[in-house]
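K.L.:
When you get a sec, could you give me coordinates for this:
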Amino acid sequence: MRKLTALIGLCLFFFVTACSSQQTNSKPFEQMAKASGENHLISYYETLELKEKIESSVIKKVFKKYGEPDGYEFNINRTAKEAVLVIRPISEKKYSTMAIELEKALYEALQGSEYSEYTVKVIPLWNKTNNTSRLIEEDNITKAVFQEMNSSQQMIVQPGIQFAATDGRIAVLDLTFTVNGAQITDPYQINQYAKEFYRLSAEKGFRADKADVYFLNNGNVDWRTKFIPAVVKGLKETEELPVTSVTIVSEKDPIIINTSFSSTDTSSRETVKRIEKLVNEFLQYEKIKKSFTGPISISVLGTDGTILNK
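P.N.:
Here you go, the predicted model:
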């Protein structure tokens with residue numbers, strides 16, 4: 001399929017963000033890709049900005065020359081130190097030449113930055129559709145989870161699901177919780193339902209926290225595609241932080257960070273302060289302050305929902 005398949009609900013998902021720049025020289029990416037100290041939230045945000053720029057001004061330019069594939073995904077994997085482009089080519093005849101040009105263009109775009117030593121990979125998937133067994137399995141699991149939550153929590157989950165255009169896995173979840181027809185907007189209540197969703201999904205064999213999960217679409221693309229992933233993945237990428245999940249509803253609501261700490265654990269104080277410090281540094285980061293004026297508060301929760309950073 002050339003388009004993402006949505007089996008439940010409707011929502012918008014942007015795998016590609018258009019940009020007017022058409023340069024393939026590495027210099028435009030150098031400043032964007034510089035390291036940002038030890039704050040993984042800031043550096044992850046920078047990675048997402050670099051990824052977006054490479055997609056729009058490098059990858060799309062090659063696709064324009066050889067033809068748009070049936071589906072693709074581009075990611076900069078900071079753990080494996082790889083820049084990986086997975087595509088479902090439409091033409092086996094043109095693929096080899098296109099892959100060589102893509103690899104060269106990606107490699108050049110990463111030069112002169114902290115990513116210059118990263119391995120570049122272009123991986124073809126020759127499946128004719130993204131309607132794979134994985135898509136079917138994950139769709140069935142989430143349906144079962146929603147049904148269980150609806151019956152046990154006396155509320156209704158209204159999901160929007162987006163499946164990856166490559167292997168068909170669930171890539172994006174938009175979750176809305178309603179009671180008696182009214183949407184739940186309290187961020188702490190949403191957080192409780194979200195935690196239950198993650199728990200039930202994991203029990204049934206689906207790691208929902210690996211997908212991008214949203215609870216309110218405010219129409220701000222950067223909020224969805226850069227701000228939220230930077231906080232969620234940046235915190236989880238930071239070693240020795242007992243962060244189990246993060247719930248971010250809107251710019252008006254607190255960033256809720258769930259931890260494995262007990263509310264009676266006095267040894268948690270320094271780690272809680274460190275979590276607060278990292279998020280505050282991110283919120284004070286120039287690009288974030290300019291785009292998201294706030295103020296945005298932070299709530300670090302223990303296992304029982306107690307706020308630990310009062």
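K.L.:
which residues does residue 216 contact?
P.N.:
If you count contacts by Cβ atoms under 8 Å, 6 or more residues apart in numbering, residue 216 has them with 176, 185, 249-250. For every residue, glycine as well, the C-beta is placed using N, CA and C.
K.L.:
Could you check how far residue 53 is from residue 110?
P.N.:
11 Å (Cβ to Cβ, to the nearest Å).
K.L.:
neighbour-wise, which of the two wins?
P.N.:
Shown here are residue 53 and residue 110; by other Cβ atoms under 10 Å, residue 110 has more neighbours (24 against 19).
K.L.:
wouldn't the more buried one be in contact with residue 120 here?
P.N.:
Yes. Counting by Cβ atoms under 8 Å, residue 110 does reach residue 120; the two are 7.1 Å apart.
K.L.:
Give me the common contacts of these two.
P.N.:
Going by Cβ under 8 Å, 6+ apart, residues that sit against residue 110 and also against residue 120 are residue 83.
K.L.:
Can you say which helix or strand has residue 69 in it?
P.N.:
Following DSSP states H and E, there is no helix or strand that holds residue 69.
K.L.:
Report how many residues lie close to it.
P.N.:
Residue 69: 21 neighbours (other Cβ under 10 Å).
K.L.:
what ranges do the strands span in the stretch 201-310 of the chain?
P.N.:
212-214, 243-247, 255-259, 298-301 (DSSP state E, counting those that start in this stretch).
K.L.:
Kindly reformat those strands as a markdown table containing mean neighbour count.
P.N.:
Compiled in a markdown table, the strands of the stretch 201-310 of the chain are given as follows (neighbours: other Cβ atoms under 10 Å):
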| stretch | mean neighbour count |
| --- | --- |
| strand 212-214 | 20 |
| strand 243-247 | 20 |
| strand 255-259 | 23 |
| strand 298-301 | 22 |
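K.L.:
Distance to residue 38 for those strands - can I get that in TSV?
P.N.:
Output for the strands of the stretch 201-310 of the chain, formatted as TSV (distance: least, Cβ to Cβ, whole Å):
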stretch	distance to residue 38
strand 212-214	25
strand 243-247	16
strand 255-259	18
strand 298-301	19
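K.L.:
For residue 251, grab the count of nearby residues.
P.N.:
Other residues close to residue 251 by other Cβ under 10 Å number 16.
K.L.:
How about the contacts made by it?
P.N.:
Per Cβ under 8 Å, 6+ apart, neighbours of residue 251: 218, 220, 223, 292, 294, 296.
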